[in-house]
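> sequence first, predicted model second:
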Amino acid sequence: GPAIIWKNGVATTLVGDGSAANKIFVADNDVYVVGTTHSADGSLNAVYWKNGVLNTLGKGTGMAIVVNGNDVYVAGFIIGNNPAYDDAAIWRNGTLTDLGPGEAFAITMSGSDVYVAGYSVGNANTPIASYWKNGTLTTLGGGEGDGIAVQGSDVYVSGYSNVLIN
């Protein structure tokens, strides 16, 4: 079905074929929604809507969005060179940065630093919970990072582990 946002219980449908909305960010009076639409060939496009206006970023999936001044950052993933897994990605004002094998699910900023959480790909194509600060990878352990917050020099990542922890 179509992507929808609700404001105070009132639904608004967002334009885009086969669209899905994944996260929302509000800055001043502007509402940004990140997600995906389908191309005519059936492939996915990473997109965001600003106040209901569709902006297509390119082939991929948009999972999270943060806005800082005039800069719009979208985290997600694209089809990688290896068909076994995707590549984590960030778009800044529409310009793609490929973070390498994995997927990105959350994004935040602290000052001018951009933090993205998700997973990178380890040996035997296993997911490793990870985060990237300004494109530099830090691995955390087997699993997936789904949320990220930064307070001072502390980086918090939420998600799940695929390793039993006592």
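That came in fine, so what should we check first?

> V116 touches T136, doesn't it?
No - V116 lies out of contact with T136 (C-beta atoms under 8 Å); the separation is 10.5 Å. All C-beta atoms are positioned from the backbone trio N, CA, C, and that covers glycine.

> so for the two, which residue has more residues nearby?
Shown here are V116 and T136; by other C-beta atoms under 10 Å, V116 has more neighbours (30 against 8).

> could you export the helix or strand harbouring Y48 as PDB, CA atoms only?
Here Y48, judged by DSSP states H and E, is contained in strand 44-50. Extracted C-alpha coordinates of strand 44-50, given in PDB (Å, rounded to 0.1, in the frame of the first residue of the first chain):
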ATOM      1  CA  LEU A  44      13.400  -0.100  -4.800                       C
ATOM      2  CA  ASN A  45      14.300   3.500  -4.600                       C
ATOM      3  CA  ALA A  46      15.500   5.200  -1.400                       C
ATOM      4  CA  VAL A  47      13.400   8.400  -1.000                       C
ATOM      5  CA  TYR A  48      12.300  11.000   1.400                       C
ATOM      6  CA  TRP A  49       9.400  13.300   1.500                       C
ATOM      7  CA  LYS A  50       9.700  16.900   2.700                       C
END
